[in-house]
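[1] this is a predicted model, with the sequence first.
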Amino acid sequence: MLAPEDALIQVGSIVGVHGIKGWIKLFSYTDPAEQILSYYPWHVRQNGKTVAIEVAEVRQQGKKIQVRLKDNHDRNQAEAWVGATIWTEKTYFPQLPEGEFYWHELIGLTVDNTDGETLGTVARLVETGANDVLVVEPINESIDDLQRLIPYVEPQFVLKVDLETRSILVNWSKDY
């Protein structure tokens, strides 16, 4: 049975095939990458349709993950899945300690600075190695039409995240 669309979160995508026996290559959005293998069932979206799929076999080669889907036995069947996205139910994610958040929880939150100015909403996050970065896109209520990249560094720049009010308070001037 498929979960409602708003109950799902994207955890990866199918990026290619391997060999002639139906193996597909995954790109995982989870950290660590192999964590994608613990979120079942997978809901795969392709061409506007979502279907539940079952994984028959898994193998890893370094950071690369390959799977063979149940009833996939040749390269042609595997190639039909390339470009599809892999989703799972948000309820499968473990509860985080207070003050920690999954990226998907931050997307869409309104970002205001300590001067009371609305900078926009979080469109996505970027991992830079040193720290994660909020990509803040302007909205109608924003002080201007600028996109901002705000380092997710607590408490220097990110002062408060409030999921109930769907807002983030930042120490970030409009002139940065």
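    That came through fine.

[2] element containing His104?
    helix 103-106 (DSSP states H and E).

[3] pLDDT on that helix, on average?
    The predicted model gives helix 103-106 an average pLDDT of 89.

[4] what is it packed up against?
    strand 118-127 (3 or more Cβ pairs under 8 Å, 6 or more residues apart in numbering; DSSP states H and E). Every C-beta, even on glycine, is put in place using the N, C-alpha and C of the backbone.

[5] given the strand it packs on, what are its sheet partners and their directions?
    For strand 118-127, the paired strands and their directions (DSSP bridges) are strand 110-113 (antiparallel), strand 132-137 (antiparallel).

[6] what ranges does this structure have for its helices?
    Along the chain, counting by DSSP state H, helices occupy 75-79, 103-106.

[7] on that earlier part again, can you put the strands paired with strand 118-127 in a markdown table and add mean pLDDT, mean neighbour count and distance to Thr165?
    Shown next, in a markdown table, are these (pLDDT from 0 to 100; neighbours: other Cβ atoms under 10 Å; distance: least, Cβ to Cβ, whole Å):
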| stretch | mean pLDDT | mean neighbour count | distance to Thr165 |
| --- | --- | --- | --- |
| strand 110-113 | 98 | 21 | 8 |
| strand 132-137 | 96 | 20 | 17 |
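
[8] quick one, domains of the protein?
    Taking automatic domain parsing as the domain assignment, the ranges for the chain are 5-92, 103-170.

[9] off-centre distance for the longest one?
    Counting by Cα atoms, centre = their mean, to the nearest Å, domain 5-92 is centred 14 Å from the centre of its parent chain.

[10] where does pLDDT dip in the chain?
    Scanning the chain with the threshold set as pLDDT under 70 gives 1-5.

[11] mind listing the strands for it?
    Taking DSSP state E as the test, the strands found in the chain are 8-18, 23-28, 42-46, 49-53, 55-61, 64-69, 85-89, 110-113, 118-127, 132-137, 148-151, 158-162, 167-170.
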